[in-house]
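Engineer: Compute the structure for the input listed below.
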Amino acid sequence: MELQQLQYFRAVADHLHFSRAAEALSTAQPHVSREIKRLEQELGAELFTRTTRRVALTQAGAALYDRTGVIFDELTRAAQVVRSVHEGSSGHVSVGFAGSTTYSWLPFLVKAYRQEFPGVELQIHTEMFTGEQVEALLDNQLDLGLLRPPFEADGVDSLEISSEPLILALPGDHALAGSEEPIHLERLRSERFVTYGGQGSVTQVAVLGACVRAGFVPTTVQTVFETHSVISLVSAGLGVALVPHSARHFTMQGVVFRPVADSTLELPLALAWRRATTNAAAMNFVQLARSLRDSPLAPRPA
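Structural biologist: Residues are numbered from 1 along each chain as shown. Next up is the predicted model:
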């Protein structure tokens, strides 16, 4: 059976008239008659009874009509799904993110996207360093990465959406915890630091560079991979830490956040994607982020 034969069959069954069916199909009546005859020969069953006065479905024809209704409904739905995925209003998008965005840009963008594109399935991965996200983008394991530049990767494009300063996380009983003024990094020369470990942590590179410019290399007592773990160990009194400003949302008893006086300690935040992506839903996410990055409702350092 050919799809066109089934279309002709449906038209004749709907009109119960070969000439009117041909007119609806914008084709010649003899062509319709031939295709119906071919279909009947292939199936080995008469589909219509024909007289000079009327055309009617046989029992076999009625059974085929019911089944072809299901077939054409499925074809219509399939076409709708294809168009929806092509336009990016449905489909699947996997997103990686820097841990410090957990209470800032990540929920802000995800909420806005879900409201705009409720038919798209979002898969949010656990927090990842910039290097890990870039590798996952290139390996087709992520569609988008909410990460911290800089990075070098041919085939990955990005849109900077924000920047934020580094701030100091201190145990609540630390001598500097009660300071009302921004703290100069040089005052931390003798401190023990909890830092970010693993490859690809742009934040840790920025922290190390800031301390070196202040005249010292930080003494690291513990390296961890997630921002909430950094804050937890500071709360335990293990040391101090320099973290992105958005980490202040990780509220934990026994931790105090203080601004840093060094004005150059800015961490950019960007949305990255594979340049060759064909995922329209992912690119809709990018366009939405572009439109929202200057919104008064967007997360900003207080």
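Engineer: And for stretch 282-292, what's in contact with it?
Structural biologist: By CB atoms under 8 Å, 6 or more residues apart in numbering, the residues outside stretch 282-292 that reach it are 88-89, 93, 95, 108-109, 112-113, 116-117, 120, 143-144, 159, 161, 271, 273, 277, 298. Placement of C-beta: from N, CA and C, glycine included.
Engineer: Off-centre distance for it?
Structural biologist: The chain centre lies 10 Å from the centre of stretch 282-292; the measure is CA atoms, centre = their mean, to the nearest Å.
Engineer: Export only the CA atoms of it, formatted as PDB.
Structural biologist: The C-alpha coordinates for stretch 282-292 follow below in PDB (Å, rounded to 0.1, in the frame of the first residue of the first chain):
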ATOM      1  CA  ALA A 282      18.900  25.400  23.000                       C
ATOM      2  CA  MET A 283      19.300  28.400  20.800                       C
ATOM      3  CA  ASN A 284      16.000  29.700  22.000                       C
ATOM      4  CA  PHE A 285      17.500  29.500  25.500                       C
ATOM      5  CA  VAL A 286      20.400  31.600  24.300                       C
ATOM      6  CA  GLN A 287      18.100  34.300  22.700                       C
ATOM      7  CA  LEU A 288      16.100  34.400  25.900                       C
ATOM      8  CA  ALA A 289      19.200  34.900  28.000                       C
ATOM      9  CA  ARG A 290      20.300  37.700  25.600                       C
ATOM     10  CA  SER A 291      17.000  39.500  26.100                       C
ATOM     11  CA  LEU A 292      17.100  39.100  29.900                       C
END
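Engineer: List the contacts of G239.
Structural biologist: Listed by CB under 8 Å, 6+ apart, the contact partners of G239 are 191-194, 221-222, 233.
Engineer: Repeat the analysis, applying 7 Å as the threshold.
Structural biologist: 191-194, 221-222 (CB atoms under 7 Å, 6 or more residues apart in numbering).
Engineer: State the distance from the nearest residue to it once chain neighbours are set aside to S229.
Structural biologist: Take G239 and drop its neighbours on the chain: the residue closest to it by CB to CB, 6 or more residues apart in numbering is R192, 3.8 Å away. Distance of R192 to S229, given as CB to CB, to the nearest Å: 16 Å.
Engineer: Repeat that for P296.
Structural biologist: The gap separating P296 from S229 is 33 Å, by CB to CB.
Engineer: residues of stretch 14-27 that come out buried?
Structural biologist: Using 16 or more other CB atoms under 10 Å as the test for burial, stretch 14-27 gives 15, 18, 21-22, 25.
Engineer: So P296 and S229 - more neighbours on which side?
Structural biologist: Under the criterion of other CB atoms under 10 Å, the comparison of P296 against S229 puts S229 first, with 17 against 5.
Engineer: Thank you, goodbye.
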